[in-house]
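Undergrad: Everything below, folded, please.
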Amino acid sequence: MKNLLKHTVFAAMLLLFAGDASAQLIVNVRPARPTRVVTRTVAPSPNHVWVEEDWRPHGRTYRWHGGYWAAPPRTGAVWTPGHWEARPHGEVWIPGNWR
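TA: I've put the predicted structure just below:
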């Protein structure tokens with residue numbers, strides 16, 4: 001029983017101190033925004049919100065991702081667009097999210 005308790009406490013501490021394992025991709029120069037035109041289609045329903053184009057990590061850089069329609073996850077949720085954020089060694093893309 002003591003061994004089980006010891007292993008459980010050890011596993012819980014590992015999870016607690018492991019933190020967020022996802023690394024952010026820092027770039028020195030922002031990638032150029034493509035010059036293509038994105039055509040907005042008709043919304044699938046009155047509840048859908050247009051999510052603007054944004055950047056997605058791809059290897060050691062970012063790849064442009066076109067806009068799309070998305071249904072809010074809950075009533076009253078508002079889409080906050082992504083943005084570039086300065087860091088000590090470059091910039092990182094902060095993806096949009098629902099608030």
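
Undergrad: List the buried residues in stretch 62-71.
TA: Across stretch 62-71, burial judged by 16 or more other Cβ atoms under 10 Å covers 62, 70. (Glycine included, C-beta is placed from N, CA and C.)

Undergrad: how far out from the middle of the chain is that stretch?
TA: From the chain centre to the centre of stretch 62-71 is a distance of 11 Å (Cα atoms, centre = their mean, to the nearest Å).

Undergrad: Same check on stretch 68-78?
TA: Relative to its chain's centre, stretch 68-78 lies at 15 Å (Cα atoms, centre = their mean).

Undergrad: Can you list the low-confidence ranges for the chain?
TA: In the predicted model, the chain carries pLDDT under 70 at residues 1-23.

Undergrad: for it, what spans make up the strands?
TA: Ranges of strands in the chain, per DSSP state E, are 49-51, 54-58, 61-65, 68-70, 79-80, 83-87, 90-94, 97-98.

Undergrad: So which of those strands is nearest residue 35?
TA: strand 61-65 (10.5 Å; Cβ to Cβ).
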